[in-house]
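Chemist: Sharing a model that was predicted from the sequence below.
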Amino acid sequence: MPESELAPPLLPVNRVWFDAHASGFACEEYRAATARWKRSLLDRRPQMVCFVNGYRADSPRVFRKVLDWELVPLEELHPAVIIAHGFTGPAIRLLLGEVVHATTSSTAEKPRGKRPAAPRRPATAATLER
(Lines give C-alpha, C1' and ligand atoms only; values in the text may rest on other atoms or scores of the structure.)
Protein backbone atom coordinates (compact mmCIF):
# COMPACT_ATOMS: atom_id res chain seq x y z
CA MET A 1 0.00 0.00 0.00
CA PRO A 2 1.45 3.43 -0.92
CA GLU A 3 2.43 5.80 1.90
CA SER A 4 -0.32 8.25 0.93
CA GLU A 5 -2.98 5.61 1.71
CA LEU A 6 -1.60 4.70 5.14
CA ALA A 7 -2.96 6.43 8.21
CA PRO A 8 -0.40 8.55 10.07
CA PRO A 9 1.14 6.87 13.12
CA LEU A 10 -0.62 7.63 16.41
CA LEU A 11 1.63 9.02 19.14
CA PRO A 12 -0.10 9.07 22.55
CA VAL A 13 0.91 12.02 24.75
CA ASN A 14 -0.32 13.51 28.02
CA ARG A 15 -2.34 16.74 28.17
CA VAL A 16 0.65 19.05 28.70
CA TRP A 17 2.47 17.80 25.59
CA PHE A 18 -0.75 17.56 23.62
CA ASP A 19 -1.44 21.26 24.24
CA ALA A 20 2.18 22.10 23.30
CA HIS A 21 1.80 20.22 20.00
CA ALA A 22 -1.65 21.68 19.31
CA SER A 23 -0.35 25.23 19.75
CA GLY A 24 2.73 24.54 17.63
CA PHE A 25 5.03 25.30 20.57
CA ALA A 26 6.68 21.85 20.61
CA CYS A 27 8.92 21.47 17.56
CA GLU A 28 10.42 18.05 18.39
CA GLU A 29 9.14 14.72 19.61
CA TYR A 30 11.24 11.90 21.00
CA ARG A 31 10.40 8.20 21.11
CA ALA A 32 12.48 5.29 22.38
CA ALA A 33 14.08 3.41 19.48
CA THR A 34 12.07 0.24 20.08
CA ALA A 35 11.04 -2.14 17.31
CA ARG A 36 7.54 -0.63 17.29
CA TRP A 37 8.67 2.97 16.81
CA LYS A 38 11.42 2.04 14.33
CA ARG A 39 8.81 0.25 12.21
CA SER A 40 6.22 3.05 12.54
CA LEU A 41 8.52 6.06 12.21
CA LEU A 42 11.85 5.16 10.62
CA ASP A 43 10.85 2.41 8.20
CA ARG A 44 7.69 4.15 6.96
CA ARG A 45 9.05 7.73 7.05
CA PRO A 46 5.55 9.26 7.38
CA GLN A 47 4.95 12.79 6.16
CA MET A 48 2.51 13.40 9.01
CA VAL A 49 1.95 12.08 12.56
CA CYS A 50 -1.08 12.21 14.80
CA PHE A 51 -0.72 13.13 18.47
CA VAL A 52 -3.57 11.80 20.57
CA ASN A 53 -4.40 12.73 24.16
CA GLY A 54 -5.59 9.43 25.59
CA TYR A 55 -6.55 6.06 24.23
CA ARG A 56 -10.29 6.51 23.66
CA ALA A 57 -11.72 6.57 20.15
CA ASP A 58 -13.04 10.11 20.75
CA SER A 59 -9.83 11.48 22.32
CA PRO A 60 -8.62 14.81 20.91
CA ARG A 61 -6.06 14.59 18.10
CA VAL A 62 -3.55 16.90 16.43
CA PHE A 63 -2.02 16.16 13.03
CA ARG A 64 1.43 17.65 12.37
CA LYS A 65 3.79 17.55 9.42
CA VAL A 66 7.11 15.76 9.91
CA LEU A 67 10.12 17.62 8.52
CA ASP A 68 12.84 15.13 9.44
CA TRP A 69 13.50 11.87 11.31
CA GLU A 70 16.69 10.96 13.08
CA LEU A 71 18.01 8.08 15.16
CA VAL A 72 19.97 9.70 17.99
CA PRO A 73 22.44 7.76 20.19
CA LEU A 74 21.95 8.09 23.93
CA GLU A 75 25.27 9.95 24.28
CA GLU A 76 24.06 12.75 21.98
CA LEU A 77 20.75 13.36 23.77
CA HIS A 78 20.41 16.28 26.14
CA PRO A 79 20.36 15.14 29.81
CA ALA A 80 16.94 16.77 30.32
CA VAL A 81 15.49 14.68 27.47
CA ILE A 82 16.99 11.49 28.93
CA ILE A 83 15.53 12.23 32.37
CA ALA A 84 12.11 13.39 31.12
CA HIS A 85 11.60 10.33 28.91
CA GLY A 86 13.58 7.78 30.93
CA PHE A 87 15.65 6.71 27.92
CA THR A 88 18.24 3.98 28.43
CA GLY A 89 19.24 3.65 24.78
CA PRO A 90 18.99 5.46 21.45
CA ALA A 91 15.95 7.56 20.60
CA ILE A 92 14.07 8.64 17.51
CA ARG A 93 13.81 12.40 17.12
CA LEU A 94 11.05 13.84 14.94
CA LEU A 95 11.40 17.43 13.80
CA LEU A 96 7.88 18.75 13.41
CA GLY A 97 6.37 21.29 11.07
CA GLU A 98 3.05 23.05 11.09
CA VAL A 99 -0.20 21.85 12.59
CA VAL A 100 -2.28 20.43 9.74
CA HIS A 101 -5.51 19.64 11.57
CA ALA A 102 -6.80 19.40 15.13
CA THR A 103 -9.89 17.71 16.51
CA THR A 104 -11.36 18.07 19.94
CA SER A 105 -13.26 15.52 21.91
CA SER A 106 -16.92 16.01 22.70
CA THR A 107 -16.17 14.44 26.09
CA ALA A 108 -12.88 16.25 26.70
CA GLU A 109 -14.36 18.63 29.26
CA LYS A 110 -16.49 16.02 31.02
CA PRO A 111 -15.01 14.45 34.14
CA ARG A 112 -14.24 10.76 33.86
CA GLY A 113 -14.14 8.09 36.49
CA LYS A 114 -16.48 7.23 39.34
CA ARG A 115 -19.70 9.09 39.85
CA PRO A 116 -19.84 11.27 42.94
CA ALA A 117 -21.23 9.57 46.01
CA ALA A 118 -24.91 10.09 46.74
CA PRO A 119 -25.58 12.62 49.51
CA ARG A 120 -26.11 11.10 52.94
CA ARG A 121 -29.37 11.47 54.74
CA PRO A 122 -29.21 13.77 57.74
CA ALA A 123 -29.00 12.09 61.12
CA THR A 124 -32.22 11.85 63.04
CA ALA A 125 -32.91 11.01 66.67
CA ALA A 126 -33.91 7.46 65.67
CA THR A 127 -30.66 6.81 63.79
CA LEU A 128 -28.55 8.31 66.58
CA GLU A 129 -30.05 5.97 69.17
CA ARG A 130 -28.85 2.86 67.35
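Modeler: Perfect, thanks for sending it.
Chemist: got the end-to-end distance for stretch 33-45?
Modeler: 14 Å (CA to CA, to the nearest Å).
Chemist: What are the contacting residues of it?
Modeler: 3, 6, 9, 31, 46, 49, 69, 71, 89-92, 94 (CB atoms under 8 Å, 6 or more residues apart in numbering). (Glycine included, C-beta is placed from N, CA and C.)
Chemist: can you tell me which of the residues you listed are in helices?
Modeler: Taking DSSP state H, every one of these sits outside helices.
Chemist: Now a PyMOL select for only the buried ones of the residues you listed.
Modeler: Buried residues among those (16 or more other CB atoms under 10 Å), as a PyMOL selection:
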select buried, resi 9+31+46+49+90+91+92+94
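Chemist: List just the nearest of the contacts of stretch 33-45 to Phe25.
Modeler: Closest approach to Phe25 among the contacts of stretch 33-45 (CB to CB): Leu94, at 14.9 Å.
Chemist: Was I right to think the closest one contacts Val66?
Modeler: Yes - applying CB atoms under 8 Å, one finds Leu94 in contact with Val66, separated by 5.6 Å.
Chemist: on that earlier part again, and the contacts of stretch 33-45 as TSV, adding pLDDT and distance to His78?
Modeler: Formatted as TSV, the contacts of stretch 33-45 follow (pLDDT from 0 to 100; distance: CB to CB, whole Å):
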residue	pLDDT	distance to His78
Glu3	54	31
Leu6	80	31
Pro9	94	24
Arg31	93	15
Pro46	92	25
Val49	95	21
Trp69	92	18
Leu71	94	16
Gly89	91	15
Pro90	93	14
Ala91	94	11
Ile92	94	15
Leu94	94	15
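Chemist: Good, we can wrap up now.
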